[in-house]
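In: coords please:
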Amino acid sequence: QVQLVESGGGLVQAGDSLRLSCVASGRTWSIYRMAWFRQAPGKERDLVGSITWSAGIPYYTDSVKGRFTISRDNAKNTVYLQMNSLKPEDTAVYYCAALRSGAGYRQDEYDYWGQGTQVTVSS
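Out: As a prediction, this is how the structure comes out:
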């Protein structure tokens, strides 16, 4: 089992930056990829981006490309989501997830999930 705990959410204004963290514990050796998803009120949970745990190769969806950066610190078992130039439409609960194998484009591929952290961007 892998446990994931997110932190760093909050209320910010449009144009501000915020960094989310996700600390993994347990069988972290089994992780192949970690990702960030988000779910806005009344909407489905969508992939924001992901990163391979070992090589650190990131992937971003078009909606955040150029504004968000995913990184990881293997020594700290932590993955980060740096969010810049935030917009009101970025308001959502952000979830960290991990999978043991696969491309990781779909949420049903992920084996482990955090509890989520709220990000609210005011206009």
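In: contacting residues for residue 67?
Out: For residue 67, the contact set (Cβ atoms under 8 Å, 6 or more residues apart in numbering) comprises 83-86. No exception for glycine: its C-beta is placed from N, CA and C like everyone else's.
In: taking the residues you listed one by one, which sit in strands?
Out: Of these, the ones assigned to strands by DSSP state E are residue 83.
In: Bridged to the spatially closest residue to residue 86 that is not a sequence neighbour, which residues?
Out: Nearest residue to residue 86 in three dimensions, chain neighbours excluded: residue 121, at 4.6 Å (Cβ to Cβ, 6 or more residues apart in numbering). When assigned by DSSP bridges, residue 121 has beta-bridge partners residue 12.
In: those strands in the protein, which residues are they?
Out: 2-7, 10-13, 18-26, 33-39, 45-52, 58-60, 68-73, 78-83, 92-99, 112-113, 117-122.
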